[in-house]
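# based on what follows, work out the 3D shape:
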Amino acid sequence: MTAQHNCRNNVYLYAQSLDNSGKNPCLSSKDPGEYRELETDAPERATLLRINDSLSNYGRHWRLGTSSLDCRIGHHGDCLITVRPLTRDHSGRLAPVILIFNIWDDQRRLAPAALEDGSKLMRRELSADQLHDITRLKQVMRWPSLLIALHTLIFSRRTSHD
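The predicted structure is shown next:
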């Protein structure tokens, strides 16, 4: 069962720490270009980790027509996007970056910009293919909710978790 999204009206970007310190950066955005870092003990962060686990295990795979963005959605509109292949940090190490938001919220339009901006803020490098796929995501997130609902109905399927 998919966890219900408790943090509406936000887009969240989460990444593995670069130095294996366990301090994994997590950014939240309500407005374009404005990001706040969530503290390790913030209740929102625990909710995001539950949503991440739930969607990774039980979310439907939503085919967006991109090769580098793995998208999983839940019944309540929760959306988990993982950048694949993994992004590289500035020292060349592979470092996963995930994006969590709700496809029914208007803030879904912030998701592509959050991937671009947040990756820079978290010192991650995106490839040309990944940037191209973010442009595709930008197009899809501009669609009206009804069209997104139809697209998810047609182009999402159940898959086992990775």
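# which stretches of the chain form helices?
Taking DSSP state H as the criterion, the chain carries its helices at 43-58, 111-121, 128-142, 145-155.
# who does the third one touch, helix- and strand-wise?
Helix 128-142 sits against strand 69-73, helix 111-121, with contacts defined as 3 or more CB pairs under 8 Å, 6 or more residues apart in numbering; DSSP states H and E. (C-beta placed from N, C-alpha, C; glycine too.)
# same deal with the longest one?
Contact partners of helix 43-58 among helices and strands, from 3+ CB pairs under 8 Å, 6+ apart: strand 11-15, strand 26-31, strand 69-73, strand 78-83, strand 97-102.
# out of the ones you listed, flag the one nearest residue 151.
strand 69-73 (10.4 Å; CB to CB).
# make TSV out of the helices and strands packed on helix 43-58 and add distance to residue 120 and mean pLDDT.
What follows is these, written out as TSV (distance: least, CB to CB, whole Å; pLDDT from 0 to 100):
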stretch	distance to residue 120	mean pLDDT
strand 11-15	11	91
strand 26-31	11	92
strand 69-73	17	94
strand 78-83	13	93
strand 97-102	11	92
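# let me have the ones you listed in a markdown table, extended by mean neighbour count and distance to residue 129.
Putting the helices and strands packed on helix 43-58 into a markdown table (neighbours: other CB atoms under 10 Å; distance: least, CB to CB, whole Å) gives the following:
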| stretch | mean neighbour count | distance to residue 129 |
| --- | --- | --- |
| strand 11-15 | 25 | 19 |
| strand 26-31 | 18 | 23 |
| strand 69-73 | 21 | 10 |
| strand 78-83 | 24 | 10 |
| strand 97-102 | 24 | 15 |
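# could you list the buried residues of stretch 31-38?
Of the residues in stretch 31-38, 35, 38 count as buried by neighbour count, 16 or more other CB atoms under 10 Å.
# quick check: the residue positioned nearest the centre of the chain vs residue 134, distance?
The centroid of the chain falls nearest to residue 99 when counting by CA atoms, centre = their mean (1.6 Å). Distance, residue 99 to residue 134, by CB to CB, to the nearest Å: 10 Å.
# sounds good, over and out.
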